[in-house]
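Student: any chance you could fold what I've pasted below:
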Amino acid sequence: MYKNIGAKIKGLAQFILWSGIIMSVIGAIICFANSNQEPGLITTGVVFLVVGPLSSWMGSLLTYGFGELIERAKSVDEKLSNSYSDLYDIPDDVPIDPSWNQPPKKSSRYDDLSNP
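Tutor: Down below sits the predicted model:
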């Protein structure tokens, strides 16, 4: 369900665009068909034809851009993971000193003077 989410969001953006355009055209046709009864419906139909597809297009641009950002972030993450795994790939036969991650011993500046 959540695999390849960037492509799914981009597909949703295309669905939003085309469904918005189709609904705007249907709304305009309905307004034009009923314009005999209400003269103001012609103006409403023209507004549907102009504003509807533009608003669908702008909304789909934002959604598509978000999907593109997710895909590119995933690509960068994969490239960085591959490059860092090569840097820190330690063979099994290399001995590791267990004291390398221990905190340093606390010492005072007079430690050297105590051993004559």
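Student: separation between residue 58 and residue 66?
Tutor: 13 Å (Cβ to Cβ, to the nearest Å). Every C-beta, even on glycine, is put in place using the N, C-alpha and C of the backbone.
Student: show me where pLDDT drops low in the protein?
Tutor: Applying pLDDT under 70 to the chain flags the ranges 83-116.
Student: residues touching the residue nearest the centre of it, list them.
Tutor: Centre of the chain computed as the mean C-alpha position; nearest residue by Cα atoms, centre = their mean is residue 70, 2.8 Å away. By Cβ atoms under 8 Å, 6 or more residues apart in numbering, the contact set of residue 70 is 5-6, 9.
Student: swap in residue 42?
Tutor: Neighbours of residue 42 in contact, by Cβ under 8 Å, 6+ apart: 31-32, 35.
Student: could you rerun that using 7 Å?
Tutor: By Cβ atoms under 7 Å, 6 or more residues apart in numbering, the contact set of residue 42 is 32, 35.
Student: what does it show for phi and psi?
Tutor: The phi/psi pair for residue 42 (degrees, to the nearest 10) reads phi -70, psi -40.
Student: and what of residue 36?
Tutor: phi -70, psi -30.
Student: tell me who's in contact with residue 17.
Tutor: 56-57, 60.
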